[in-house]
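Student: After the sequence you'll find the predicted model.
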Amino acid sequence: MSKKKVAKKSVAKKPVAWKTFEEWWDKVAQKQVDKIERDWIKETEPNDPDDEDGGGDSWHVNQMMHDGDAHENTYEIAEEVFKKGQNNELWEMTMGDSLFCDLDSVIIESYEAGKKCKLT
């Protein structure tokens, strides 16, 4: 006896319309930032304090992650970008918005979330 496979109906999920940036941050972004930061710290060693001159973007990103500044930095940029999406402003990631690491995905997502947020 063989069982017939029954195809499930595909139900399109309705996009979530966030009421505020803080709601989106608390329910979505904070978990993503936590995971990115945790993975980074597990995979990299802290910077050598004597090597600050050898820096560059990767040195500063590593410092930000190990110093625990990832949340604050991401929050500030994401909040600004969310508002641009909310106000229906055209936005593209620039070097000024970038944190030069996986946290950029959270910033990009904040713009999309802002576009779904209705101003009241």
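Tutor: It's in.
Student: drop to CA atoms for contacts and neighbour counts, all remaining ones
Tutor: Will do.
Student: Show residues contacting the host helix or strand of D39.
Tutor: According to DSSP states H and E, D39 maps onto helix 30-43. With contact meaning CA atoms under 8 Å, 6 or more residues apart in numbering, helix 30-43 is reached by M65, H66, A70, H71, T74, D102, L103, V106.
Student: these two touch, right, the second one and D48?
Tutor: The one in question is H66. No. Checked against CA atoms under 8 Å, the pair H66 and D48 is beyond contact range at 11.5 Å.
Student: Next, give phi and psi for M95.
Tutor: phi -60, psi -30 (degrees, to the nearest 10).
Student: After the top helix by length along the chain, which helix or strand is next? Please name it.
Tutor: Counting residues, the longest helix found in the chain (DSSP state H) is helix 70-86. Per DSSP H and E, helix 70-86 leads on to helix 104-116 as the next helix or strand towards the C-terminus.
Student: And the contacts of that following helix?
Tutor: Applying CA under 8 Å, 6+ apart, the contact partners of helix 104-116 are 15-18, 21, 24, 29, 32-33, 74, 77-79, 81-88, 91, 93, 97-98.
Student: which secondary structure elements does the helix or strand that comes right after the helix holding D39 contact?
Tutor: Following helix 30-43 in sequence order, the next helix or strand is helix 57-67 (DSSP H and E). Packing partners of helix 57-67 (3 or more CA pairs under 8 Å, 6 or more residues apart in numbering; DSSP states H and E): helix 30-43.
Student: sorry, back to before: and the contacts of helix 30-43, which two are the farthest apart?
Tutor: Maximum pairwise distance in the contacts of helix 30-43, criterion CA to CA, is 18.6 Å, between H66 and V106.
Student: Spell out for me which residue occupies the centre of the protein.
Tutor: Residue closest to the mean C-alpha point of the chain, counted by CA atoms, centre = their mean, is V106 at 1.4 Å.
Student: ok, back up a step: neighbour-wise, which of H66 and D48 wins?
Tutor: H66 (18 against 10; other CA atoms under 10 Å).
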